[in-house]
Every structure is written in C-alpha cells, then in structure tokens.
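In: mind folding the following:
(one chain, ligands or ions: 1)
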Amino acid sequence: MHAIAEATPNIAVIKYWGMRDSALVLPLNSSISVTMDFSLRTRTRVEFGDFKKDSAFLNGKELGGDGHTRVLKIINQVRKLACAGEKCRVQSENFFPTKAGFASSASGFAALAVAADAALALHLGPDALSRLARVSSGSACRSVLGGFVQWNAGEQKNGLDSYAVQLAPASHWEGLLNIAAVVDAGEKAVGSAEGMQLTVQTSALFKKRLAELPERTARMEKAIKKRDAHSFFAIAMEESASMHACMADTKPPLRYMNNVSREIVRAVESLNKTHGENVCGYTFDAGPNAHVYTTKAHAAEVKNALSKVAGVQKLFTCGVGEGPRVLEAPAK
Ligand code: DP6
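Out: Numbers count the residues shown, from 1 in each chain. Model (predicted):
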C-alpha cells in the first residue's frame, strides 16, 4: 500500500503569525496565500506495510525529534480514519533549499497529507485534507489547494472550522509571478512556531495588527478578485511590513530580515517610483529571502533589479500553481 504525491509551497500575502491553540495549530487570524507552481516542490512517498517501526526520511536522512513527531501527527490521524494498524515509511524529497524561509514545511506536510490519504484510499475532501495538514504545519493547510487560497481562522475550539478554501484557481491570474530571491539558504535561528508565540506574548503592537487585519484582508481579497496588480502589490508590502514590525517589537526582538533583504526593499521601492505605480511588491516570511510578486510584463526588469542587489545568491521565478498532484496510488 503506497502512494506518491507532490505539493508546492505557498507564499502568504496576508500572513499567519500567532496561534490561539498551539496543540491544534489554530491561528488568531485568517491568512491569504498564493500557491507556487511545480518549479519548487516536495515529492513524498508513503508506504504502509509490515515494517518494524514508523520511519520518515527527508532528502535521504532519517528524521528524529520534532520532524518525526510532526510526520506522525498526520500518519496517526489517517491510520485512525482508515482503522489501519500497519507501520509506515515516509520518504520525502525537497527540490529546493530546505528551511530557507521558503516554507518547505508547507509543501512537505501538504504532500504528506495527500500521499497518506491516497495510500489508504481515504479520499478525503479538500476541507478535511487541509485540516489534516494543518496540525503538522499551519501554512501547509493552504498548500493542499492551488491558486489563491484563504485559510479561515475559524472560531470553534476543536478546529473543525479552521481550514483553507480556494478564493480563485491558478487560471484566474496566470500572468502573476513570484520572483524569489535567495539571500541565505541556511536554517532560521528561531522557528516560526516559537517565534510567533513570543510575539503573541510580548508585543503590544501585535494587538493593533490583529485589529487592522480584517479590513486589510478584505482589501486583499478584492484586489485578487479584480486582478488589481497595483493594489495587490501595495497590500502585500503593507502586510509584510506589519508582521516584521511586530517581530521587531517582540521581546527579545526577532530579526529575520537582514541588510540584503532591506536592499531588496529599496530596489522594489525605487522601481515602483520610476514607474509612478506599483509594478511589483515584496513579502518576507520568517527569513531573509524575498518573494517579489510582479506580472509577466515587468518580470525582466524586476529580475534585472534584484540581480544587481549585492548578496542575492539566486533568483527563482514561479507562476501560480495548481496545487498537489498524486503521481502513484493503489489501484482501485
Ligand atoms: C511567516 O506554519 O510555516 O511563513 O511549519 O513551523 O515552519 P512552521 O510554521 P509555518 O509558519 C508560517 C509563518 C509565515 C507566514 C505564513 O506563511 O502565513
């Protein structure tokens, strides 16, 4: 009984930063993301069978500790749903730098949820798959869907209403591109889960952010629906700045962006100023790498500007992705 699935990362334009329940991974606010195409992806093979123990490998290396625990959160849920007792072997491969602030946990746990569901022929719907992935990595619940995705925070204590839905499919806005600039491919100093809880506990600015978010989220939804590039870029930048301000306001401060990241911000601002409108917009997650959204018409000049920033190691160009795909599944 085995299946293979691939999933891609998603990059949020309205960020998830702060949990109301860390065991169930329930967020304090709804978030919106764009799923990446298959140029960056995780491929995961899940097999249930006569193994001595459950094991999980990432890029050929066996996972222990937290990584193993997070994998088992998904595996145990599907085993329970399928009333299956077999041990499992998970083999995952990332076709991009792991833990580079490129949300490899999102594509990884989304691929795992989809492959585990396929291996046991559970055929869960998108809502249930999203909830399944969420418990191992919050952002992964958005990667089970393609296109433009909203993770509704929900209100219930059991998390049943906290899952992602598609706002629009990838085909809605094909010309939108994410030019990702690798600044540092190393691992982050403070993980997202730990960092966001520190922010919730210690930042006064975070309360203001939470109060502002419903209005900003509604504006972002509207910009996506209307394919309004100028507003989409403006809101993405406003939102990234808001999250990073709360990170800086955390005690002790969380500093994920570095001098190269700040040079990228300047390069984007200067390009937009030259055009007299926003032709691109940056967003940064819990790391120094940049995701610069732009449209096909301006991709060449954005790439040119980013490649001139000293310290940018590599540029990846990604379109909007269709969501996970199952490559192999047991015959029906
Ligand atoms: C800043 O849910 O990806 O990217 O799985 O522990 O890495 P880990 O956390 P994750 O946190 C995401 C935080 C963020 C914002 C976002 O993607 O919405």
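In: could you use CA atoms for every contact and neighbour count after this?
Out: OK.
In: can you list the residues of the stretch 51-200 of the chain near the ligand?
Out: 103, 105, 106, 137, 138, 139, 192, 193 (Cα under 6 Å from any ligand atom).
In: list phi and psi for residue 26.
Out: phi -110, psi 130 (degrees, to the nearest 10).
In: so what's residue 231 closest to, chain neighbours aside?
Out: residue 223 (6.0 Å; Cα to Cα, 6 or more residues apart in numbering).
In: near the ligand at all, the strand or helix carrying the one you found?
Out: In the assignment (DSSP states H and E), residue 223 maps to helix 205-225. No: residues of helix 205-225 contacting the ligand under Cα under 6 Å from any ligand atom: none, with a closest distance of 12.5 Å.
In: list the buried ones in the following helix or strand past that helix?
Out: Counting by DSSP H and E, the next helix or strand C-terminal to helix 205-225 is helix 229-248. Using 16 or more other Cα atoms under 10 Å as the test for burial, helix 229-248 gives 229-240, 242-248.
In: try stretch 259-277
Out: Within stretch 259-277, judged by 16+ other Cα under 10 Å, the buried ones are 260, 261, 263, 264, 265, 267, 268, 269, 271, 272.
In: where in this structure is pLDDT low?
Out: Regions of the chain meeting the criterion pLDDT under 70 cover residues 97-103, 185, 187-188.
In: how is it partitioned into domains?
Out: 2-173, 176-319 (automatic domain parsing).
In: follow-up on the earlier one: the buried residues of helix 229-248: which ones sit near the ligand?
Out: Within the buried residues of helix 229-248, nothing lies near the ligand by Cα under 6 Å from any ligand atom.
In: quick check: nearest residue in space to residue 258, chain neighbours excluded?
Out: Per Cα to Cα, 6+ apart, closest to residue 258 is residue 288, 5.8 Å.
In: for the residue nearest to residue 231, give its distance to the ligand.
Out: From residue 223 across to the ligand, the span is 18 Å (Cα to the nearest ligand atom, to the nearest Å).
In: I figured that residue hits residue 234, correct?
Out: No: applying Cα atoms under 8 Å as the test, residue 223 and residue 234 come out as separate, 9.9 Å apart.
In: related to what we said a few turns ago, mind listing what the residue nearest to residue 231 touches?
Out: Listed by Cα atoms under 8 Å, 6 or more residues apart in numbering, the contact partners of residue 223 are 229, 231, 232.
In: go with 10 Å
Out: 217, 229, 230, 231, 232, 233, 234, 235 (Cα atoms under 10 Å, 6 or more residues apart in numbering).
In: out of the residues you listed, which is nearest to the ligand?
Out: Nearest to the ligand, judged by Cα to the nearest ligand atom, of the contacts of residue 223 is residue 217 at 12.5 Å.
In: number of residues surrounding that closest one?
Out: If you count neighbours by other Cα atoms under 10 Å, residue 217 ends up with 21.
In: kindly report the same for residue 129.
Out: For residue 129, using other Cα under 10 Å, the count is 22.
In: same question for the one 3 residues further on.
Out: The local packing of residue 132 (other Cα under 10 Å) involves 27 other residues.
In: which secondary structure element contains it?
Out: Using DSSP H and E, residue 132 falls in helix 126-134.
In: equivalent analysis for residue 315, please.
Out: Applying DSSP H and E, one finds residue 315 within strand 314-318.
In: which stretches of this structure form helices?
Out: 65-82, 104-119, 126-134, 140-143, 192-202, 205-225, 229-248, 259-275, 299-307 (DSSP state H).
In: closest to residue 281 out of those?
Out: Of all the helices of the chain, helix 229-248 sits nearest to residue 281, with 4.2 Å by Cα to Cα.
In: what angle sits between the closest one and helix 205-225?
Out: Interaxial angle of helix 229-248 relative to helix 205-225 (axes from the mean of the first three to the mean of the last three Cα atoms, to 10 degrees): 160 degrees.
In: one step back: so which of the residues of the stretch 51-200 of the chain next to the ligand wins on neighbours?
Out: residue 139 (31 neighbours).
In: can you tell me, leaving aside adjacent residues, what's nearest to that residue?
Out: residue 106 (5.3 Å).
In: touching, the one you found and residue 141? I think so.
Out: Yes: with contact defined as Cα atoms under 10 Å, residue 106 and residue 141 form a contacting pair (7.4 Å).
In: tell me which residue of the stretch 151-300 of the chain lies closest to the ligand.
Out: residue 285 (4.0 Å).
In: tell me the contacts of residue 278?
Out: Applying Cα under 10 Å, 6+ apart, we find residue 278 in contact with 229, 230, 231, 232, 233, 234, 268, 269, 271, 272, 294.
In: many thanks, I have nothing further to ask.
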